[in-house]
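J.: pasted the sequence and its predicted model underneath.
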Amino acid sequence: MIFGQALAHYDPLTSKSEPWSTAQAEEYYGLKRWGGGHFSVDEEGCVCAHPAGDHRRIRLMDVIEEAAEAGLHPPLTIRIQDLLRHRVELLAGAFTQAIKDEKYSGTYRGVFPIKVNQLREVVEEIIDAGKPFNFGLEAGSKPELLIALALSEQSGKLLICNGYKDEAYIRLALLGTRLGREVILVIEQPSEADSIIRLSQEMGITPNVGIRLKLHSHGEGKWRNSSGDEAKFGLSIREVMDTVKKLNKAGLSESLKLVHFHIGSQVTDILAIKRAVTEGARYYCELRKLGHPVRYLDVGGGLGIDYDGSRSNFESSMNYSLPEYARDVVYNIKKVCDDAGEDEPDILSESGRALVAPHSVLVLEVVDRIAKIPEGKVPRPGKKRNTVIKDMLHTLEEGANYSQLERFHDAQQKREEAASLFSLGYMDLETTAKAENLYWRICDDIRNNLRRDGYIPEELEDLDTLLAEQYVCNFSVFQSLLDHWALGQLFPVAPLHRLREEPGTEATLVDITCDSDGKIAKFTDLEDVRPTLRLHDFTPGQPYYLGVFLVGAYQDIMGDLHNLFGRVNEVHVFLEDDEEDGFYIEETIDGFRTNEILDLIQYKESDLIRRMKAQIDAAIKNDEVKPREGVRLLNLYTDQLKEKTYLDTRDTKRPKRKRS
Ligand SMILES: *Cc1c(COP(=O)(O)O)cnc(C)c1O
């Protein structure tokens, strides 16, 4: 099937007749499908971002170049700050429109769940953009609450407190209430009600509380267990009743202000959202009937991102649009409330992924290629006239007389034969290497013939993947694309330049960790997943940059230090309206340096240097190293401790293009 798809738009033997265009590049890499109007390819074949969704654009290669001038080389995160702003406006706008269309009497407010991207510049940008819409913040842990409290002066004062809560967490939240913020402590575990009652009495502060529901309705997608019986959060219907009684008994029945649910992130199917919203609205009405002045219905997160642009309920996609989501939330709440004769609540949503995923692009530099198909001349049998080599040459050169499948089987047999002969000592290194060389040439020839014939036997379907090149990129999957490794989350990948050239190499991407899992071998496609991506020919020494898109939610912040590769360099770019295609870099963040990473795992820089110095001194004393050389060696060591953790490619390459 994979072959079939490749065939549909790509045939190396005939593609010459149809010149490649930047429009084809846009189509192949899917920029228009998953980009939501935020990404395009310009006349020079470079990817541009459109932060505000209009004609204004920032060419990403220009940003890379300017960052390089400031000493920040890829791996590099480019944060497009205006894109964050634009997403906030789109979300609020969709709800405003839906409220108007449905003649809904409540309002909409977004609260940004900090855990989705805790970086200060991201949170502040969202707060600022959200001001006209009374956006608030959501915290899911004590450290996040500490951030939210400090920033809630600027935010619309609404602060939703989720997650596990100890005494200190609750005290901090009450402190916020005392300072006039609208802090709502969401009860997620039955025991939290007791602590909230006790501590609020002790501190003499009346709390605002919410209740998180463990809904019967499931989400869809990877996080479907965030609700239902398996969920680790929320109160079952029985626990809701118990909690309400406790609050009443403590004289806090007026404190119940919010009903909350969260059915999981990246909900792929709109039906799941409709069901959950309806069920949540029923709770709201019932609690109102019991006399609690519930004002907010918080529909949690879950609003998806269409990573592959297929608009389907596949796990990397979503089968609905943002306006449809807003309409369905508003409509279903209204319907339930109308039926029950209750006032309509103000609607809150905790959309995180949908706000921040698009704003950040991870820039990778290709530093090497690992090819399977040998270059150079076809090996000859040589003086020894080895029969295995002779047979393989026959399979390669007299292919016309045999079916492709038969040739493949013959090649496999001969390759195995060569391996056993080598193990038993009957074949030397040079001859075995020739056999290996011929094997890959035969596979390549078979693949090319199959492409021409258009029919692919099942056994040979994976040949394209088998023969794909590996492009080595200077980054760590575990630091920068954790969700890809841990959850198989797909992200769109595209070259950031050279898009006027037709890409001719099927490739996968590998990182520089010593972990075979450190790779990207699954790419977004309109249907299903593709195992390889077509990229341009890579020539060592010539810069070749790839972008991984829509990475602004979660992994952007969750990375780990596998192989001690640290956080990557970062630049924050803004649109500059005075200039055609203008932008400026407001902030840069230096990636981790080696000594910083080592310090985290208890290696003190000074101690490491002392130990190295002792060894070098000893070598000098034993006359194994000259003093002058000893100084040089120690300098090499100490200097490297202060460098970044990734490969340093500064000596070999520089972006060629100058900014226009
Ligand atoms: C993670 C989380 C969110 C954010 O979900 P998204 O799908 O990223 O919008 C919202 N609310 C709660 C309670 C969460 O745990």
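T.: That came in fine, so what should we check first?
J.: alpha carbons only for contacts and neighbour counts from here, please
T.: OK.
J.: mean confidence (pLDDT) on stretch 648-660, please.
T.: Summarised as a single mean, pLDDT over stretch 648-660 is 57.
J.: tell me the helices and strands packed up against the longest helix anywhere in the chain.
T.: Taking DSSP state H as the criterion, the chain has its longest helix at helix 429-453. With contacts taken as 3 or more C-alpha pairs under 8 Å, 6 or more residues apart in numbering; DSSP states H and E, helix 429-453 sits against helix 387-397, helix 404-424, helix 463-467.
J.: need the contact list for the closest residue to Phe408 other than its chain neighbours.
T.: The shortest distance from Phe408 to any non-neighbouring residue, by C-alpha to C-alpha, 6 or more residues apart in numbering, is to Cys443 (6.8 Å). Residues near Cys443 by C-alpha atoms under 8 Å, 6 or more residues apart in numbering: 408, 463, 467.
J.: so who does the first one touch?
T.: Looking back up the chat, that one is Phe408. Shown in contact with Phe408 (C-alpha under 8 Å, 6+ apart): 442-443, 446.
J.: next: the last one.
T.: Contacts here follow C-alpha under 8 Å, 6+ apart; on that basis Leu467 touches 372-373, 443-444.
J.: so which of those comes closest to the ligand?
T.: Closest approach to the ligand among those (C-alpha to the nearest ligand atom): Lys372, at 40.2 Å.
J.: isn't that closest one up against Glu469?
T.: Yes: using C-alpha atoms under 8 Å, Lys372 is in contact with Glu469, at 6.6 Å.
J.: who has more neighbours out of those two?
T.: Glu469 (22 against 16; other C-alpha atoms under 10 Å).
J.: which residue, other than its chain neighbours, is closest to whichever residue of the stretch 101-250 of the chain sits closest to the ligand?
T.: Residue nearest to the ligand within the stretch 101-250 of the chain: Pro113 (5.5 Å; C-alpha to the nearest ligand atom). Counting by C-alpha to C-alpha, 6+ apart, Pro113 lies nearest to Glu138, which is 4.4 Å off, once chain neighbours are set aside.
J.: now do Glu459
T.: With C-alpha to C-alpha, 6+ apart, the residue lying closest to Glu459 is Leu405, at 8.0 Å.
J.: who touches that neighbour in this structure?
T.: So Leu405 contacts 457, 459-460 (C-alpha under 8 Å, 6+ apart).
J.: ok so Leu297 is a strand residue?
T.: Yes: counting by DSSP: H, G, I helix; E, B strand; the rest coil, Leu297 is part of a strand.
J.: which stretches of the stretch 451-600 of the chain form strands?
T.: Along the stretch 451-600 of the chain, the segments classed as strands by DSSP state E, counting those that start in this stretch run 469-473, 493-495, 505-510, 519-520, 523-524, 529-530, 533-535, 545-548, 569-575, 583-589.
J.: between the third one and strand 469-473, how many degrees?
T.: Going back to what we said before, that points to strand 505-510. 40 degrees (axes from the mean of the first three to the mean of the last three C-alpha atoms, to 10 degrees).
J.: show me which residues of strand 505-510 are buried.
T.: For strand 505-510, a neighbour-count test (16 or more other C-alpha atoms under 10 Å) marks 505-510 as buried.
J.: okay, now the unreliable bits of the stretch 551-660 of the chain?
T.: Filtered on pLDDT under 70, the stretch 551-660 of the chain yields the residue ranges 651-660.
J.: tell me how many other residues surround Arg628.
T.: With other C-alpha under 10 Å as criterion, Arg628 counts 9.
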